[in-house]
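In: Structure for the following, please:
(2 chains)
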There are 2 protein chains.
Amino acid sequence: MPTITAVTAHDVRFPTSLTADGSDAMNKDGDYSAAYVVIHTDDPAVKGYGFTFTIGRGNDLCVEASRQRGLPLVGLLVEESVADLGSVYRLLSSDSQLRWLGPEKGVEHLALAAVMNAMWDLAARVAGKPLWRLLADMTPEQLVDAADLKYLSDAITRDEAIAMLTELAPTRAARIAELDESGYPCYTTSAGWLGYSDEKLRRLLREAVDEGYRHVKLKVGANRGDDIRRLTIAREVIGDEARLMIDANQVWDVPVAIDWIGALARFNPHWVEEPTSPDDVLGHAAIRRAIAPIGVATGEHGMNRVLFKQLFQAEAIDFCQLDSARLGSVNEILAVYFMAAKFGIPVCPHAGGVGLCELVQHLSIFDYVAVSGSLENRVTEYVDHLHEHFVEPCIVENGGYVLPTQPGYSAQMYESSVEKYSFPNGSYWVSVA
Amino acid sequence: MPTITAVTAHDVRFPTSLTADGSDAMNKDGDYSAAYVVIHTDDPAVKGYGFTFTIGRGNDLCVEASRQRGLPLVGLLVEESVADLGSVYRLLSSDSQLRWLGPEKGVEHLALAAVMNAMWDLAARVAGKPLWRLLADMTPEQLVDAADLKYLSDAITRDEAIAMLTELAPTRAARIAELDESGYPCYTTSAGWLGYSDEKLRRLLREAVDEGYRHVKLKVGANRGDDIRRLTIAREVIGDEARLMIDANQVWDVPVAIDWIGALARFNPHWVEEPTSPDDVLGHAAIRRAIAPIGVATGEHGMNRVLFKQLFQAEAIDFCQLDSARLGSVNEILAVYFMAAKFGIPVCPHAGGVGLCELVQHLSIFDYVAVSGSLENRVTEYVDHLHEHFVEPCIVENGGYVLPTQPGYSAQMYESSVEKYSFPNGSYWVSVA
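Out: Just a heads-up that it's a prediction; the model follows:
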């Protein structure tokens, strides 16, 4: 029975700013980065891998915070820990001194996500299952016990969550079989970064259509004239039927958002993403009322389950874009999925970055199988960057995520990638220094 | 004309957990700590001092984040910088890679507070004025230019803020004279920490009454029977007329809060503080509706101005307890004061910890002089801990803060204190290791 012997954390940064991959109105020069965590045991064959995602500077803080967050894991028995990840989560998240630094937000919460993502990866590997199946094989009670329901009882109770999950439990297998055929539907952001030329935009949109995507997303919000020109190109290439999403990455105040989106309404956007501060529940609700029937989407910077609770309560969003590396791993994500199902809001997770696609495929599949039981208005982000660094990269075919089959949360990077892109002493960063 | 040459940051921790000072239902063993920042210039006589406040572990992260946050300051001319602190704030806060780690919350935002607090201290020293007077001598336009109004235009516009400040400008001097006589009213939390025995509680409450306090605060929320016993003692000592505040430090879900506060209503609490998650705007609004006329107070964990905007918009609080070391220094605090005045909510800043009393006295005085023009329902926290480490400690007489007279933001610690309590290599921590 192996024991956890160490938790190591690594500062891995990829120079994506060189090619404007990931550029948008708020984030012009991100270097996609991971605070990458490895949980070691006294059995060299038993390890867990996880990470949180950042865009460069400050990734070192997440690395150090992850190292500290992981300390209470050392000495725990693997078998006992993976059997009760709710308790492990509470052990880590209840450190009141670290809690002060959020609470439940910012660097400390990103670090909790990194460490608990690695614990869930470890649990799935020990079980010999991909994470989505580990979750789909848990009973309603086990799932609810793993979830963090603190501060949520005015929106959903433990009994309500169990009842919802129990209703869908008998038909889980049928939905797994369905996804095994079709994959989980996704959309692409790869074409629409703000720093790309019109020619590159047109070429990538054409490729996306040819690859079977029926949803594409463009970045907007820096310049209104540019937005109109780029959206005109997009509609020329994808036609009027395909869904076109736009993403402002938080650049607008509420009145500006309403006005600017009005000027883009003729392009019939399916949703507008991050129209204002991610913290502004009431602002999103006001924008949603003003721009209907255009949908409002947010969540990649949604700091914790209490924010999502309010987004649901205030009827502020049409699409919930939770982030797999910003929320406190599966424990907190489960709670958001439960609330979304109760409030009838589709979850379309944020992805892209480094490895987020690898993680969210598991979450979306699990959601359909066990929580929402619906694919209506659900589509998960896919961005074609940096998958080559992962040992078991996600696979997308015909606009859908193919069900992962390997044990774990698909979070393991190649050691050679970790070494080459370690900041500042990996061979890549030494070579450009 | 001096130039900024370096920004240093220091991990200073005081062993307050040994005596249960600061203990409450959420935070049982905090070691009051500061990420303490010094801005150095090429003139040894020209320095700025500031900090953010934490309760122990993770303070090192705030120190490193402050060091990084301060890098863009190096090379700036002091005279130009202090003349336009709005631009300096935007220079630091607009780093999009660091923004990803919040945005505007958690460790990175605490570090922004620490560095900008030191810049405001520097500005006041250069001007030869205490900070409150530096602010009180600024024109309405200068104050609004220094404030961070991003994301707030649906609640307050620049023109509205200027009009409010302009209306009060002619009478600023009269209010300064008034406070010079009476001090700014404060209340004490020193008696009511959860870890204190009944005997110590009774003795400290008696001392508070004897010292002229008409408001005292007790920690609650760990055990309902204990709360009733301790509140009974409190009313015995302070009588029925003095105001009694209670503070739950976020331990309750919304329905539990409503039920528990109901059980304590017979002690006639003036306010209940932090009844639930600090992020839960709608939860606070629901609690407020349920427990009226008991007031709801929150804000010490209020992460940024967007949260406070919503607390005001949702009519969620009766008292705004902004924190001088958690919000992005005076720049963001000004915006919260402007909104509070517009919405008619009294600001009663959070204090205590290390040095927070030293900071908030300046803010409260400025608020009365230039923004709210009112003392009604306003009372600023005072806790009698750790003032001996400050070169110009705050002075409280007859339940009121005496107006500071020395130049600066009262943020400078004695070098001997910084050295002794530096973690982990200061002489105190070496001696107990």
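In: can you tell me which residues contact the closest residue to chain B within the stretch 301-433 of chain A?
Out: In the stretch 301-433 of chain A, the residue that lies nearest chain B is A:Val306 (4.4 Å; CB to the nearest CB). From N, CA and C alone the C-beta is placed, and that goes for glycine too. A:Val306 is in contact with A:104, A:151-152, B:277, B:279-280, B:283, counting by CB atoms under 8 Å, 6 or more residues apart in numbering or on different chains.
In: Closest residue of the stretch 101-250 of chain A to chain B?
Out: Chain B sits closest to A:Gly106 of the stretch 101-250 of chain A, with a gap of 1.1 Å, by CB to the nearest CB.
In: still on that earlier bit, relative to B:Leu327, which of the contacts of A:Val306 is nearest.
Out: Comparing the contacts of A:Val306 against B:Leu327 with CB to CB places B:Asp279 closest, at 14.7 Å.
In: any idea which helix or strand carries the residue nearest to the closest one when sequence neighbours are not counted?
Out: Excluding its sequence neighbours, the residue lying closest to B:Asp279 (CB to CB, 6 or more residues apart in numbering or on different chains) is A:Val306, at 4.4 Å. Assigned by DSSP states H and E, A:Val306 belongs to helix A:305-313.
In: what's the average pLDDT for that helix?
Out: Mean pLDDT, helix A:305-313: 99.
In: okay, now the residue of the stretch 101-250 of chain A closest to chain B: neighbour count?
Out: Around A:Gly106 sit 28 other residues, with neighbours defined as other CB atoms under 10 Å in any protein chain shown.
In: Which residues are in contact with the residue nearest to it when sequence neighbours are not counted?
Out: In space, and not counting its chain neighbours, A:Gly106 is closest to B:Gly106: 1.1 Å by CB to CB, 6+ apart. Listed by CB under 8 Å, 6+ apart, the contact set of B:Gly106 reads A:101-102, A:105-109, B:303.
In: cutoff 6 Å now
Out: For B:Gly106, the contact set (CB atoms under 6 Å, 6 or more residues apart in numbering or on different chains) comprises A:102, A:105-107.
In: now, among those, which is nearest to A:Gly295?
Out: Distances from A:Gly295 to those, taken by CB to CB, are shortest for A:Lys105, at 25.6 Å.
In: which residues sit in contact with the closest one?
Out: Counting by CB under 6 Å, 6+ apart, A:Lys105 has contacts A:303-304, B:105-106.
In: next one: phi and psi at A:Ile4?
Out: A:Ile4 adopts backbone torsions of phi -70, psi 130, taken as degrees, to the nearest 10.
In: any idea how far chain B is from it?
Out: Distance of A:Ile4 to chain B, given as CB to the nearest CB, to the nearest Å: 20 Å.
In: which bits of the stretch 51-200 of chain A sit near chain B?
Out: Residues of the stretch 51-200 of chain A lying close to chain B (CB under 6 Å from any CB of the partner chain) are A:54-58, A:61, A:65, A:96-98, A:100-102, A:105-107, A:151, A:153-154.
In: Swap in 7 Å and give it another go.
Out: Proximity of the stretch 51-200 of chain A to chain B (CB under 7 Å from any CB of the partner chain) is limited to residues A:54-58, A:61, A:64-65, A:68, A:95-98, A:100-103, A:105-110, A:151, A:153-154.
In: Next, the angle helix B:305-313 makes with the helix holding A:Val306.
Out: Computed by axes from the mean of the first three to the mean of the last three CA atoms, to 10 degrees, the angle separating helix A:305-313 from helix B:305-313 equals 50 degrees.
In: picking up where we left off before, from the contacts of B:Gly106, which ones fall inside strands?
Out: Under the assignment DSSP state E, the contacts of B:Gly106 contribute nothing to strands.
In: centre of the chain versus the longest helix belonging to chain A, how much separation?
Out: Assignment by DSSP state H gives helix A:106-127 as the longest helix of chain A. Computed by CA atoms, centre = their mean, to the nearest Å, the chain-centroid distance of helix A:106-127 equals 13 Å.
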